[in-house]
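Q: Please work out how this folds:
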Amino acid sequence: MRRQFYLSVFLLAASLSSPLASLGQATAEPAAPSVAEAAPAPDFRPATLFKLGTGFTRGLTIGGFMGTAIPIVAGVERQVAPAWSAYGNVSSGWRIGARTAAPERGTRAAYITELGLDLGVRHYYNKEKRQAAGRASGPMVGNYVALQATTSFTPYYAPKLYHEVSALSVLWGTQHRLGGHGLLDAYVGPGIETRRLGMRRHDGLSVRPHLQVGIKLSLVR
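A: A predicted model of the protein is given here:
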């Protein structure tokens with residue numbers, strides 16, 4: 001009699017557990033599609049800009065000892081993240097109507113009045129707001145902040161180069177495309193510089209505040 005009682009209890013428990021297991025599986029199954037619904041992250045494809053331009057920038061001189069010179073700036077900017085880029089520029093000032101200097105020393109005045117090098121990193125901000133407002137917001141377009149290191153040389157008498165100044169600056173700027181192959185880049189920012197006190201190495205260096213200002217128009221590819 002006792003065996004029949006235990007057997008009845010076992011069969012009753014088995015019959016009740018089967019629907020509960022099925023209910024648990026049915027309840028757990030809807031959670032699986034949530035993984036499939038997650039959209040995959042878009043692939044990041046970095047862009048590169050090659051620039052050749054001029055404007056109100058280092059290398060521009062009007063009159064004075066070095067004469068009048070027009071700046072030519074060649075640069076490259078590489079996108080390293082959706083809102084970040086790294087860049088480098090080589091700048092030069094080309095004298096208009098160069099004249100011979102110090103002929104008694106057998107030297108020539110340089111046609112290039114300045115050579116410079118920039119290296120920096122930029123962060124383009126408020127890109128979502130620009131997109132929401134319907135404004136241009138492609139790669140390396142819009143407002144940015146940058147950290148830039150600069151050094152420049154002056155060839156007073158060819159072919160010698162004299163180190164003139166090195167600077168580290170924090171810049172605020174804005175960069176925009178002009179048509180298919182044009183680019184406007186305007187920037188300003190403070191920094192600190194070391195400047196040579198004379199053309200001889202033992203003349204020493206001075207440390208002083210630095211201001212970087214520029215407006216460049218470039219052709220890009």
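Q: all strands for this protein, in order.
A: Taking DSSP state E as the criterion, the chain carries its strands at 48-56, 69-81, 84-95, 108-109, 112-124, 142-154, 157-158, 162-178, 182-196, 205-220.
Q: which parts of the second one are buried?
A: Translated: strand 69-81. Of the residues in strand 69-81, those with enough neighbours to count as buried (16 or more other Cβ atoms under 10 Å) are Ala69, Ile70, Pro71, Ile72, Val73, Gly75, Glu77, Gln79. Where you see a C-beta, it was placed from the backbone N, CA and C, and this is true even at glycine.
Q: what's the pLDDT at the nearest residue to Gly173 once chain neighbours are set aside?
A: With Cβ to Cβ, 6 or more residues apart in numbering as the measure, Tyr187 is the residue that lies nearest to Gly173, at 3.1 Å, once sequence neighbours are left out. Looking at Tyr187, its pLDDT stands at 98.
Q: do Gly75 as well
A: On the pLDDT scale, Gly75 is placed at 97.
Q: Could I get the contacting residues of it?
A: Gly75 sits next to Phe50, Lys51, Leu52, Tyr87, Gly88, Asn89, Val90, Asp118, Ser218 when contact means Cβ atoms under 8 Å, 6 or more residues apart in numbering.
Q: Pull out the buried members of the residues you listed.
A: Applying 16+ other Cβ under 10 Å to these, the neighbour count classes Lys51, Tyr87, Asn89, Asp118, Ser218 as buried.
Q: quick one: which two of those are the most distant?
A: Of all pairs drawn from the buried ones among the contacts of Gly75, the greatest distance, 13.5 Å, lies between Asp118 and Ser218 (Cβ to Cβ).
Q: In this structure Gly173 contacts Val213, no?
A: No: at 10.2 Å, Gly173 does not count as touching Val213 under the criterion of Cβ atoms under 8 Å.
Q: Looking only at neighbour counts, state which of the two leads.
A: Counting neighbours by other Cβ atoms under 10 Å for Gly173 and for Val213 shows that Gly173 has the greater number, 21 against 12.
Q: quick one: which of the contacts of Gly75 is nearest Gln148?
A: Each of the contacts of Gly75 was scored against Gln148 by Cβ to Cβ, and Asp118 proved nearest at 5.7 Å.
Q: mind checking how far the closest one is from Met140?
A: 15 Å (Cβ to Cβ, to the nearest Å).
Q: Show me what counts as buried in stretch 189-200.
A: Here stretch 189-200 shows Gly189, Gly191, Glu193, Arg196 as buried, counting by 16+ other Cβ under 10 Å.
Q: could you redo the residues you listed as a markdown table and give each row distance to Lys129?
A: Rendered in a markdown table, the data for those read as follows (distance: Cβ to Cβ, whole Å):
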| residue | distance to Lys129 |
| --- | --- |
| Gly189 | 22 |
| Gly191 | 28 |
| Glu193 | 34 |
| Arg196 | 44 |
